[in-house]
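Visitor: Let's see this in three dimensions:
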Amino acid sequence: MTNQNLPLAYGNQPGMQLFLWTGSAFIIWVCTDIATVCLRFLPKMGRRTLRSGFGCVAAGSCFMAMALGCYLALGILKAFSTGPSAFMRTLEWSFPILISIAVLLVGVGLALPRFPESTQAIRRNVRSRRLMMLLTPVWRRSSQERKYLLRNRWTPLLDPISGKSAAHLHRRVIEIRDCQQRGMMLFPRDRVLINQAEQFLQGN
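Guide: Down below sits the predicted model:
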């Protein structure tokens with residue numbers, strides 16, 4: 001039965017050694033090309049996080065090329081040397097370290113360009129929930145003055161901790177403004193909060 005781990009089972013065969021060396025050299029060329037392309041377009045990128053992300057990908061590709069270079073050199077030395085040496089031992093322990101650094105840098109580089117969008121979405125979500133909580137008293141007063149309610153006026157108290165906070169905030173602002181047009185008086189603090197909510201919903 002053929003061993004499925006071909007490099008381990010047939011690593012001492014000349015054909016397998018040639019295949020592994022050729023594959024490693026090809027991947028080194030690909031990593032070098034990726035790093036070159038990233039560094040070429042790095043000055044043209046506007047956002048700092050985008051530049052940092054592509055810089056990390058380029059550095060990760062360089063470390064991957066170095067790791068595979070160590071692997072390639074180690075295979076060649078093992079094929080032509082009579083015994084282990086200090087240099088070969090250095091190549092052996094440096095290979096997993098370089099691979100780990102490369103994977104970490106590429107992962108960070110791919111995640112960095114999305115980081116500002118994620119933080120902006122989190123800040124917007126938190127602010128909308130805070131505005132909903134601050135508008136709850138005036139919204140409760142508006143719901144008590146209306147004869148017709150879209151929903152039971154007790155269940156929307158959970159809106160600040162539910163999903164789609166911006167949509168819930170938008171509905172509350174509309175309901176408060178509707179009651180204001182029907183004659184409900186707003187306190188100065190309520191007017192300020194509603195104006196802030198409207199500016200927030202408009203993206204200002």
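Visitor: backbone phi and psi for the spatially most central residue of the chain, please?
Guide: With distances taken as Cα atoms, centre = their mean, the chain has residue 111 as the residue nearest its mean C-alpha position (3.6 Å). In terms of degrees, to the nearest 10, the main-chain angles of residue 111 are phi -90, psi -30.
Visitor: Kindly report the same for residue 47.
Guide: Backbone phi and psi, for residue 47 under degrees, to the nearest 10, turn out to be phi -70, psi 140.
Visitor: Thought residue 113 was touching it, still the case?
Guide: Yes: counting by Cβ atoms under 8 Å, residue 47 touches residue 113, with 7.5 Å between them. (Each C-beta comes from the backbone N, C-alpha and C, glycine too.)
Visitor: the more surrounded of those two?
Guide: Neighbour totals were compared for residue 47 and residue 113, and residue 113 leads with 16 against 11 (other Cβ atoms under 10 Å).
Visitor: and that one, what is it in contact with?
Guide: Residue 113 makes contact with 47, 49-50, 53 under the criterion Cβ atoms under 8 Å, 6 or more residues apart in numbering.
Visitor: So which of these is surrounded by the most neighbours?
Guide: With neighbours defined as other Cβ under 10 Å, the most crowded of the contacts of residue 113 is residue 53; it has 22 neighbours.
Visitor: Next, the buried residues of the helix or strand containing that one.
Guide: Per DSSP states H and E: residue 53 is located in helix 48-80. The neighbour-count criterion (16 or more other Cβ atoms under 10 Å) identifies 50-72, 74-75, 78 as the buried residues of helix 48-80.
Visitor: now stretch 110-128
Guide: By 16+ other Cβ under 10 Å, the buried positions in stretch 110-128 come out as 112-113, 127-128.
Visitor: okay, the residues you listed in CSV with secondary structure next?
Guide: As requested, those are arranged in CSV below (DSSP: H, G, I helix; E, B strand; the rest coil):
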residue, secondary structure
112, helix
113, helix
127, helix
128, helix
